[in-house]
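Student: Let's see this in three dimensions:
(2 chains)
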Amino acid sequence: MKPSNTTPGSPLPSNKKPLLQVKDLSVKFRTEEGMFFAVEHISFDLEEQKTLAIVGESGSGKSVTSLAIMQLLAENGKITSGEIFIDDEDILKLSQRQVQHSILGKKISMIFQEPMTALNPILKVGEQIMETIIEHQGASRKEAYAIALDTLKQVGIPSPEQRIKQYPHELSGGMRQRVMIAMGLVTKPKIMIADEPTTALDVTIEAQILNLLENLKETYKTAILFVTHDLNVVADIADDVIVMYCGEIIEKGPVADIFETPRHPYTIGLLATMPSLDNDNDILPTIRGVVPNITKRPTGCYFHPRCDHAMPQCAQRSPAVFQVGQQAVKCFLYEQDALGVQDGPGVQDGPGAGEVNHG
Amino acid sequence: MDKELLLQVKNLNKFFLLKKSLREKNRVYVKAVHNVSFDVYRGETLGIVGESGCGKSTLGRSILRLYEPTSGDIIFNNENIMAYDATRLRALREDMQYIFQDPYSSMNPKMTIRDIIMEPLDNFRKEMNVKAKEDRVAELLEIVGLSRDVMNRYPHEFSGGQRQRIVIARGIALNPQLLICDESVSALDVSVQAQIINLLQELKKRLNLTYLFISHDLRVVKFISDKIMVLYLGEIMEIASSDDLFAAPRHPYTKSLIGSISSGDPRAKHTRVILEGEIPNPMNAPKGCPFSTRCPIATEKCRVEKPALVELEPDHFASCFYV
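Tutor: Next up is the predicted model:
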């Protein structure tokens, strides 16, 4: 394995050690029609105090990736290959007990999209936060209460002394999301995974929550893995971006590069289809067709049936990952102008050049 | 070209009674739509934006009288439909159609696509024979970009975008004049959303439709609308042409709303305007300006007195004392 700072996973070579390293991760799901890849040979690094956004449409595997890291996959999902390093420790090699005891909640925590389903409806919010503190820090109830109250203050909940005694249904959507964030924060994790944390919220509340996450990142020096379908949110908060399609990473790079010069035809299409505020045309550019079902993925590059630049080879084999500037692109169009073609065992993003690998 | 007035809404109110009482003063209402007036011209798209609980869906449904308005007038094609009886109201359904957000729940899962799209024809085109109706269904499917071969399939066999196309086909089956689209593209992935937006744009031209386009997504509304109405707690804050509203918003709420959306440009980070606080519970709506609890420039006057909707310049209205 090459050192991480030369892989496409970290577009900006740096000496900082990644807090979270995902290497060659694959997840398969069992369906009535067999086993299929939900996530296929993906690799990326998340560095200290960085925000890495995973963006994709439904079925892209973005949420499965985060659930796999948290080991919260549904029963029919299974990690079939790969390593997940947190602080140099491959958490896939640890026992479930060890993971639950020393990793989840402690080093890494997760904020979900729908706080109403993620919070326990019959427990007061204070109790839920205190439970985490008592479990992980062995604090007394009194200490836990003080910490919970303080955390609620930090996430901007007004009159926390009253809110701490309320049930989730008594809070608004924005407040519930703040409670979720507070729960994720109390153990001061180094990594936070936020899975569509603002998707269910109104736009003014979304702005508040994004602002809060930014501030907390500064205060707690947390790294954030931000999973979203919303490119506008990505533009606002991410340092680096991963674009996923059909379970694969098809492009990654620093956010400014991805938005300024997207390379993969899918990324280009995705950015163009967003209605922008200064677009006065009548018709939006579109990507034709739809995301294929997990059971019916095409051969070769998964995107080729929808791609305007598809070449004969695109239907035959899966492209390797090519480094173009600071971006890594999984597309044959960049075979020629790539700075350095990555092939052989060094390829961490795909099944390897020339080899077709399907579930 | 002379503009032809298609829909005029005057002082429309829709209150939901929350607490019954024999005494009027003890009753508790939620004023979901409060004193709303606006005009829509034929061929125009009026975007209705606002956050959850602002009354945008209630307004859409009240215009169709799916919810019975508490008071006010709805003048459609020069006729006040508030005076319509059940028979005439039913006939009106031909001209006004509603497209719901969720294509998953607005289709009967046990009906074939053919039957779903044919239903309005069965109800309103009794003179058509089955062959003619089937031809019409095939034509509608082609108009919305689907093949006629899908007729015998069921809703669950389709993706979200395709289902939305089917719902649209059903919505235009009777050649309506007004289509109310309630968050019609909100549940879709961005690449599919663009396809459906384009379809709506194309249909508008082809069938000379007028849209009320309800959405919480300001970008989509900006793109699709000629005119935009901003609602907050059931009241109109501002109405203006789409370009004016974004170029020169006048109401503090519109300003914060536009300011709170991302620029979509990573280089312009941290430029979001953060509007503090949350939408008050509609049950305890502020007495004066509904926005006064969150407004950065609110004064004592705003808290006790409701500002009127004033025309600041031609076709640009806002309700604020300080514009």
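
Student: measure whichever residue of the stretch 1-150 of chain A sits closest to chain B to residue B:194 for me?
Tutor: Residue nearest to chain B within the stretch 1-150 of chain A: residue A:57 (3.9 Å; Cβ to the nearest Cβ). (Each C-beta comes from the backbone N, C-alpha and C, glycine too.) Using Cβ to Cβ, to the nearest Å, residue A:57 is found at 12 Å from residue B:194.

Student: Which of the two has more residues huddled nearby?
Tutor: For the pair residue A:57 and residue B:194, the greater number of neighbours falls to residue B:194 (26 against 21), based on other Cβ atoms under 10 Å in any protein chain shown.

Student: re the thing from before, from what I see, the residue of the stretch 1-150 of chain A closest to chain B and residue A:229 are in contact.
Tutor: Yes - using Cβ atoms under 8 Å, residue A:57 is in contact with residue A:229, at 6.1 Å.

Student: Quick check: neighbours shared by these two?
Tutor: Common neighbours of residue A:57 and residue A:229, using Cβ atoms under 8 Å, 6 or more residues apart in numbering or on different chains, are B:189, B:190.

Student: list the contacts for the residue of chain A most remote from its centre?
Tutor: Most distant from the centre of chain A: residue A:142, at 35.5 Å, with distances by Cα atoms, centre = their mean. Counting by Cβ under 8 Å, 6+ apart, residue A:142 touches no other residue.

Student: Give me the local confidence score for it.
Tutor: On the pLDDT scale, residue A:142 is placed at 94.

Student: Is any residue of stretch B:24-43 near chain A?
Tutor: No - counting by Cβ under 8 Å from any Cβ of the partner chain, chain A has no neighbours in stretch B:24-43; the shortest distance is 13.4 Å.

Student: mind exporting that stretch as PDB, just the C-alpha atoms?
Tutor: Output of stretch B:24-43 as PDB, limited to C-alpha atoms (Å, rounded to 0.1, in the frame of the first residue of the first chain):
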ATOM      1  CA  GLU B  24     -66.300  33.000  20.200                       C
ATOM      2  CA  LYS B  25     -63.700  34.500  22.500                       C
ATOM      3  CA  ASN B  26     -62.800  31.100  23.900                       C
ATOM      4  CA  ARG B  27     -62.200  29.500  20.500                       C
ATOM      5  CA  VAL B  28     -58.700  29.000  19.400                       C
ATOM      6  CA  TYR B  29     -57.800  29.300  15.700                       C
ATOM      7  CA  VAL B  30     -54.800  28.800  13.700                       C
ATOM      8  CA  LYS B  31     -54.700  31.400  11.000                       C
ATOM      9  CA  ALA B  32     -53.100  29.300   8.300                       C
ATOM     10  CA  VAL B  33     -53.800  31.800   5.500                       C
ATOM     11  CA  HIS B  34     -54.500  35.300   6.600                       C
ATOM     12  CA  ASN B  35     -55.800  38.000   4.400                       C
ATOM     13  CA  VAL B  36     -54.000  36.900   1.200                       C
ATOM     14  CA  SER B  37     -54.700  38.800  -2.100                       C
ATOM     15  CA  PHE B  38     -53.000  38.400  -5.400                       C
ATOM     16  CA  ASP B  39     -53.500  38.200  -9.200                       C
ATOM     17  CA  VAL B  40     -52.300  35.600 -11.600                       C
ATOM     18  CA  TYR B  41     -52.300  36.200 -15.400                       C
ATOM     19  CA  ARG B  42     -52.800  33.500 -18.000                       C
ATOM     20  CA  GLY B  43     -49.600  31.900 -19.000                       C
END
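
Student: Quick check: buried residues in that stretch?
Tutor: Within stretch B:24-43, the residues that qualify as buried are B:29-36, B:38-41, B:43, counting by 16 or more other Cβ atoms under 10 Å in any protein chain shown.

Student: One more: stretch A:290-297?
Tutor: Applying 16+ other Cβ under 10 Å to stretch A:290-297 flags A:290, A:291, A:292, A:294, A:297 as buried.

Student: and of the residues you listed, the nearest to chain B?
Tutor: Distances from chain B to these, taken by Cβ to the nearest Cβ, are shortest for residue A:290, at 5.2 Å.

Student: Using the three-state scheme, assign that closest one.
Tutor: coil (DSSP: H, G, I helix; E, B strand; the rest coil).

Student: For residue 63, grab the count of nearby residues.
Tutor: Assuming you mean chain A. Around residue A:63 there are 22 residues (other Cβ under 10 Å).

Student: To clarify, I was referring to chain B.
Tutor: Around residue B:63 there are 25 residues (other Cβ under 10 Å).
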